[in-house]
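> Test case, fold it:
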Amino acid sequence: MKHIPPRPDAAHLKKQAKQLLAALRAGDADASARMRAALPAARGASNAAIAAMGLRLHDAQSCIAREHGFVSWSELMDFVAARIAHAEAIADPARARLRWLQLAYAGDVAGGTGRAQPAVAARLLAEQPELADGDLLMACATGDAPRLRTAIAQDRAWLHRPGGALQLPPLFAVAHSSLWQLPAFRPGLLACAQLLLDAGADANQSVGNRWPPASLAAPSPTEHLSTLYGAAGQNRDAALTRMLLAAGADPNDGESLYHALESVECTLLLQAGARVTGSNALYRVLDLDALPQLRLLLAHGGDPNEPAPAPLAGPWGRPLLWAIRRRRSAAHVTALLEAGADPQVRTPDGTDAATLALRYGLPEVAALLVAAGVPAPAAPLERFLAACARGDETEARALQAGHPEWPAALPPEHLRLLPELAAQGCLAAVQCMVRLGWPVAVRAGDWDASALNQAVFRGDAAMARFLLAHGAQWTERHGFDDNCCGTLQWASCNRPDDAEGDWLGCAQALVAHGMPGARPDPQNPDGVLVHGQPARFSDEVAEFLLEAGAAQARPASPG
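Below is the predicted model of the structure:
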């Protein structure tokens, strides 16, 4: 593993990644060997096979990160930032400790919107073990059972008091530490949890949420985070979850079940009496496309006709309708129907579920609903919409021939199918609809965005290129009061390193169709300026936009 200096330079690491990529593209054997050794996708591949993979800057960055002991480039950059901040705070131990705790705990506990960074926290602690000296909250966060045993012996009331820089009760602090996610720390943390419970700590310790607009200094007086939420919903540790439930933790804390749906802790909570109704879990599980968990929720009393909570209300206010909107499989719909979902449910404008399924390109689901007694849609308009949703341009054009006013004369709820299907990645449907004359800038979806915004968010470069070639504009707005450039910023910076989205391809398409390039931001070396406004993109997107901006600024050649 490569050494990182005390004051690492992010710019130097970025330069190394660019040099590695250049060497790889030049056919350098050492560069191929480094990729083969560090990059999972290249493991065991020949030099020729690696050259044919079309690796890009983010792949070279991933290689650099793994050579330094990190699983991703973002994790390495987080460590560099944390190391620099720690160096600046080292003269003030309390400040340095607070910065470390803000790495070990997520923003809802530590204050702010940051995510926990356990690998970064562990690496800093290994280099600066004195950070933990004499601090009981640090001992809870790291799983130092001997230190906690001493604290209990000296002051038993400590078990029940919030303390430390984050003002956390001890058992809560143990359960919410992100270091559970690192195998080396888990035994110590488990021992600490058992020790605290055996000594009489309350399994239902909680704190007010510190997520903005609340803060560390002023936690929410109404939204509380439980100890069980840390175990089941955040760290998803089955042994800790069982331990807390056995000690009397309330499974109906308003958070744990909703956040545990991706893991076995969902089952543990249900077996302990977690109520599905009122938790929003049914709608969440349909978002996740988790069929086994859907069946579990229904088997444990989930109401397949539960009205959606206020934020989800609207046209899709029942689980069956929500499943269709999320384009879930016939198996999902079968599970809902077998549990008692009403097949006759309709949207507020009177659209039945079978018709809605066809509008979302789900003929198998529609057939299930027709078999359950819903009338089969027969109107030419519904056949036209269904053909578009399937991407069947031949049938759609045949139906349009008898109704040349389609789609221009369609009502808004029909026109909104374009961005809805774009949000689900339905390229064939989007292509069919646009070619037939759909208004390309119409907005819809969870964040009221145009089809182009939806494509850019997904990193779907093929869809973005198609939409731009058919009249879409990079200036199209969305519900967060920004345009496609803003969408590109957020998506390129916040997607996982192993995501399949092609945000560089989206940037290339946007610039080719009028979006201005970037120029350096003199006030921020990590950012750029687009149209004079500060912006921040992933490194490879920013590099392309800077090159594009420089090319746009050059005077045109004479003649």
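> Nearest spatial neighbour of Ala472, chain-adjacent residues omitted?
Computed as CB to CB, 6 or more residues apart in numbering, the closest residue to Ala472 that is not its neighbour in sequence is Leu452, at 4.1 Å. C-beta: built from backbone N, CA, C; applies to glycine.
> All the helices of the stretch 201-350 of the chain, residue numbers only.
For the stretch 201-350 of the chain, the helices defined by DSSP state H, counting those that start in this stretch cover 227-228, 238-246, 256-259, 265-271, 281-288, 291-299, 319-325, 330-338.
> Can you point out the buried residues in the second one?
Of the residues in helix 238-246, those with enough neighbours to count as buried (16 or more other CB atoms under 10 Å) are 240-245.
> Could you export these as JSON lines, including pLDDT and distance to Thr222?
Below are these laid out as JSON lines (pLDDT from 0 to 100; distance: CB to CB, whole Å):
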{"residue": "Leu240", "pLDDT": "97", "distance to Thr222": "26"}
{"residue": "Thr241", "pLDDT": "97", "distance to Thr222": "25"}
{"residue": "Arg242", "pLDDT": "96", "distance to Thr222": "29"}
{"residue": "Met243", "pLDDT": "97", "distance to Thr222": "28"}
{"residue": "Leu244", "pLDDT": "98", "distance to Thr222": "23"}
{"residue": "Leu245", "pLDDT": "97", "distance to Thr222": "25"}
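> out of those, who's nearest Arg435?
Comparing these against Arg435 with CB to CB places Thr241 closest, at 51.7 Å.
> Quick one: residues contacting the spatially most central residue of the chain.
Residue closest to the average C-alpha location in the chain (CA atoms, centre = their mean): Arg495, at 6.9 Å. By CB atoms under 8 Å, 6 or more residues apart in numbering, the contact set of Arg495 is 459, 501, 503.
> quick one: which of those residues is most hemmed in?
Trp503 (28 neighbours; other CB atoms under 10 Å).
> which residues in the protein form strands?
With strands called from DSSP state E, the chain shows them at 206-208, 224-226, 443-444, 449-450, 519-520, 528-530, 533-535.
> Pairing partners for the third one, with directions?
The sheet places strand 443-444 alongside strand 449-450 (antiparallel), with pairing taken from DSSP bridges.
> Could you do the second one as well?
Applying DSSP bridges to the sheet, strand 224-226 is found paired with strand 206-208 (antiparallel).
> rewinding a little: out of the helices of the stretch 201-350 of the chain, which is the most enclosed?
Of all those, helix 227-228 has the most neighbours on average by mean count of other CB atoms under 10 Å, namely a mean of 32.
> Touching that helix from outside, list them.
Looking at helix 227-228 with CB under 8 Å, 6+ apart, the contacting residues turn out to be 169, 171-172, 175-176, 203-206, 241, 244-245, 249-251, 253, 256.
> Please name the residues that touch Thr475.
By CB under 8 Å, 6+ apart, the neighbours of Thr475 are 483-484.
> Can you read off the pLDDT for it?
Predicted confidence (pLDDT) for Thr475: 97.
> what distance separates the start and the end of stretch 107-125?
Taking CA to CA, to the nearest Å, stretch 107-125 runs 20 Å from one end to the other.
> pLDDT on it, on average?
92.
> returning to what we had before: how about the strands of the chain, which one is nearest Ile64?
Comparing the strands of the chain by CB to CB, strand 528-530 comes nearest, at 21.5 Å.
> any idea how far the closest one is from the chain center?
From the chain centre to the centre of strand 528-530 is a distance of 25 Å (CA atoms, centre = their mean, to the nearest Å).
> That strand pairs with which strands, and in what direction?
strand 519-520 (antiparallel), strand 533-535 (antiparallel).
> got the contact list for that strand?
Residues contacting strand 528-530 (CB under 8 Å, 6+ apart): 485, 515-521, 534-537, 542, 545-546, 549.
> Let's see stretch 212-232 as PDB, backbone CA atoms only.
Below are the C-alpha coordinates for stretch 212-232, written out as PDB (Å, rounded to 0.1, in the frame of the first residue of the first chain):
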ATOM      1  CA  PRO A 212     -30.700  20.700   8.900                       C
ATOM      2  CA  PRO A 213     -32.600  22.900   9.700                       C
ATOM      3  CA  ALA A 214     -31.800  21.300  13.100                       C
ATOM      4  CA  SER A 215     -28.200  21.300  14.200                       C
ATOM      5  CA  LEU A 216     -25.800  19.900  16.800                       C
ATOM      6  CA  ALA A 217     -26.400  22.900  18.900                       C
ATOM      7  CA  ALA A 218     -30.200  22.800  18.400                       C
ATOM      8  CA  PRO A 219     -31.400  19.300  17.800                       C
ATOM      9  CA  SER A 220     -35.000  18.700  16.500                       C
ATOM     10  CA  PRO A 221     -37.500  18.700  19.400                       C
ATOM     11  CA  THR A 222     -39.900  16.500  17.500                       C
ATOM     12  CA  GLU A 223     -37.800  14.100  15.400                       C
ATOM     13  CA  HIS A 224     -35.900  11.600  17.400                       C
ATOM     14  CA  LEU A 225     -33.300   9.000  16.400                       C
ATOM     15  CA  SER A 226     -33.300   5.800  18.400                       C
ATOM     16  CA  THR A 227     -30.500   3.400  19.300                       C
ATOM     17  CA  LEU A 228     -32.200   0.700  17.300                       C
ATOM     18  CA  TYR A 229     -32.200   2.800  14.200                       C
ATOM     19  CA  GLY A 230     -28.400   2.900  14.400                       C
ATOM     20  CA  ALA A 231     -28.200  -0.900  14.600                       C
ATOM     21  CA  ALA A 232     -30.900  -1.900  12.100                       C
END
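> what about it, average pLDDT?
Here the average pLDDT along stretch 212-232 is 96.
> For that stretch, which residues meet the burial criterion?
214, 216, 219-220, 224-232.
> cool, and stretch 13-30?
So, applying 16+ other CB under 10 Å, buried residues of stretch 13-30: 13-14, 16-17, 20-21, 23-24.
> Would you mind giving those residues as CSV with distance to Ala116 and pLDDT added?
Output for the buried residues of stretch 13-30, formatted as CSV (distance: CB to CB, whole Å; pLDDT from 0 to 100):
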residue, distance to Ala116, pLDDT
Leu13, 23, 88
Lys14, 25, 86
Gln16, 27, 90
Ala17, 25, 89
Leu20, 29, 91
Leu21, 31, 88
Ala23, 35, 93
Leu24, 33, 89
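> Show me which of those is closest to Trp438.
Nearest to Trp438 among the buried residues of stretch 13-30, with distances taken as CB to CB, is Leu21, at 39.8 Å.
> residue ranges with poor pLDDT in the stretch 351-500 of the chain?
Scanning the stretch 351-500 of the chain for pLDDT under 70 picks out the ranges 496-499.
> Let me know whether Arg359 touches Ala389 as I believe.
Yes - the pair Arg359 / Ala389 is scored as a contact, 5.7 Å apart, by CB atoms under 8 Å.
> okay, and the common contacts of those two?
In contact with both Arg359 and Ala389: Leu417, using CB under 8 Å, 6+ apart.
> Could you list the domains of the chain?
10-75, 90-274, 330-371, 380-551 (automatic domain parsing).
> Is it possible to get a markdown table of those that adds distance to Trp316?
Below are these laid out as a markdown table (distance: least, CB to CB, whole Å):
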| stretch | distance to Trp316 |
| --- | --- |
| domain 10-75 | 34 |
| domain 90-274 | 18 |
| domain 330-371 | 7 |
| domain 380-551 | 10 |
